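K.L.:
Starting from these lines, generate the structure:
(one chain, ligands or ions: 1)
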Amino acid sequence: MTAQVLLLGACPLTSEHIMKTSAKYFTLSAVALISLSSASAFAGTVSTTLNGCASGNVTVTTVTVASTQTVINAAPINFKSCYGAFAGNDTPYPTTNLGYFNDGLLNGQNQKWQGPGTGGDLFGNGAFLASPYSAYDLNHDGIADPGWIYLGKVDGPGTNGFEAVTKIGAYTGIVLDSFFSISFDATKGIWNWAFTPDLGVIARAGVVLGDAYFDQFALVFKQGNAFAAYNFTGQQFGFDHPTSAGPVLNFFGTADLSPVFGSRGLSHVSLWARDPGSDNSVPEPGTLVLSALALVGLGTRRRKADK
Ligand SMILES: [Ca+2]
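P.N.:
Numbering: from 1, shown residues only. As a prediction, this is how the structure comes out:
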């Protein structure tokens, strides 16, 4: 067996992410070294020479208002932050799927390796939580919840369509197969993707999100035996904390993971969106009574969502 070298570059973005990624680098390097030196259970799980995620890997090129197809932004926007590349799969996916801590990889659950052995704690208390986006205790168990809800994935881009998640909590039919697509542009050598929620999504998602609407989304790209994760925030598009008043935005973008994975192929792409929790309930002068009422409503819908 040829020894493979695991290379993980630092995230070029916020210092927080650099620190986090660097910490993971050392963790994973230690794992790789152990596997190479002892030819133990990890041998063979690192099959790709990896580089760090970097600016330009994933961009939004066009944003439209779903109701009118009006283009509100046609300048390329780089992702906000990124993680990886990490060896192994981007699992586990959530089970309850309401954004609770330790329910799914982006919510701080330990990575589950495809091969033998156990994965590491890649995202601590949750992925992509940086100001103005915080974790709130969504299920009232005393532990802050990252809020990441798994929406589904494309297996084998170019051959299969998006398979929307079946359930968010107890609720079905919130996410549609039409929400996401990705295809390869051979002339440019890049992937084109589209995240296109329909006009009814806010009403359907309201049983989970209440008066809020998701404030971030994340794309996770898997190739070979590695993955890298990228997020975009509402703040990047002029809606720090989107609400049920809308609008529903559609996002069209590109992806070129060859600088990360060393080739342009992809195994799958998974899509996540974040429940903002109480980020929408920051009280302002004159709205304290309304906020108190909103909090009562929020508690009500959480209890409903928990059932
Ligand atoms: Ca909690």
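
K.L.:
Could you use CA atoms for every contact and neighbour count after this?
P.N.:
Will do.

K.L.:
Near the residue nearest to residue 125 when sequence neighbours are not counted, how many other residues are there?
P.N.:
In space, and not counting its chain neighbours, residue 125 is closest to residue 108: 5.0 Å by Cα to Cα, 6 or more residues apart in numbering. Applying other Cα atoms under 10 Å, we find 21 residues neighbouring residue 108.

K.L.:
Run through the residues that contact residue 108.
P.N.:
101, 102, 121, 122, 123, 124, 125, 126, 127, 146 (Cα atoms under 8 Å, 6 or more residues apart in numbering).

K.L.:
Most neighbours among these, which one?
P.N.:
residue 146 (30 neighbours).

K.L.:
residue contacts, that one?
P.N.:
Neighbours of residue 146 in contact, by Cα under 8 Å, 6+ apart: 99-101, 106-108, 125-127, 129, 134-136, 274.

K.L.:
now the helices for the protein?
P.N.:
Ranges of helices within the chain are 15-38, 201-209, 258-261, 288-306, based on DSSP state H.

K.L.:
For these, which has the smallest mean pLDDT value?
P.N.:
Lowest mean pLDDT within these: helix 15-38, a mean of 34.

K.L.:
Could you list the low-confidence segments of this structure?
P.N.:
For the chain, applying pLDDT under 70 flags the ranges 1-49, 113-118, 278-307.

K.L.:
which bits of it sit near the ion?
P.N.:
137, 139, 141, 143, 144, 145 (Cα under 5 Å from the ion).

K.L.:
Report the contact partners of the fifth one.
P.N.:
Translated: residue 144. For residue 144, the contact set (Cα under 8 Å, 6+ apart) comprises 100, 101, 135, 136, 137, 138.

K.L.:
The nearest residue to it once chain neighbours are set aside: how many residues sit nearby?
P.N.:
Nearest non-adjacent residue to residue 144, counting by Cα to Cα, 6+ apart: residue 137, 4.2 Å away. By the criterion of other Cα under 10 Å, residue 137 has 17 neighbours.

K.L.:
do the same with residue 187
P.N.:
Neighbours around residue 187, by other Cα under 10 Å: 6.

K.L.:
Quickly note the distance from it to residue 58.
P.N.:
As for residue 187, its distance to residue 58 is 18 Å (criterion: Cα to Cα, to the nearest Å).

K.L.:
With residue 212 instead?
P.N.:
Residue 212 is 26 Å from residue 58, by Cα to Cα.

K.L.:
More neighbours: which of those two?
P.N.:
residue 58 (29 against 24).

K.L.:
Quick check: closest non-adjacent residue to the more buried one.
P.N.:
Per Cα to Cα, 6+ apart, closest to residue 58 is residue 255, 4.4 Å.

K.L.:
Test my guess that that neighbour contacts residue 54.
P.N.:
No - assessed by Cα atoms under 8 Å, residue 255 is found out of contact with residue 54, at 11.5 Å.

K.L.:
follow-up on the earlier one: what's across from the residue nearest to residue 58 in the sheet?
P.N.:
When bridges are called by DSSP bridges, residue 255 pairs up with residue 58, residue 191.

K.L.:
Numbering from 39 from now on, please.
P.N.:
Okay, using 39 as the starting number, the last item reads as residue 293.

K.L.:
Run a quick neighbour tally on it.
P.N.:
21.

K.L.:
check contacts around residue 161.
P.N.:
Going by Cα under 8 Å, 6+ apart, the list of residues near residue 161 reads 143, 144, 145, 146, 147, 148.
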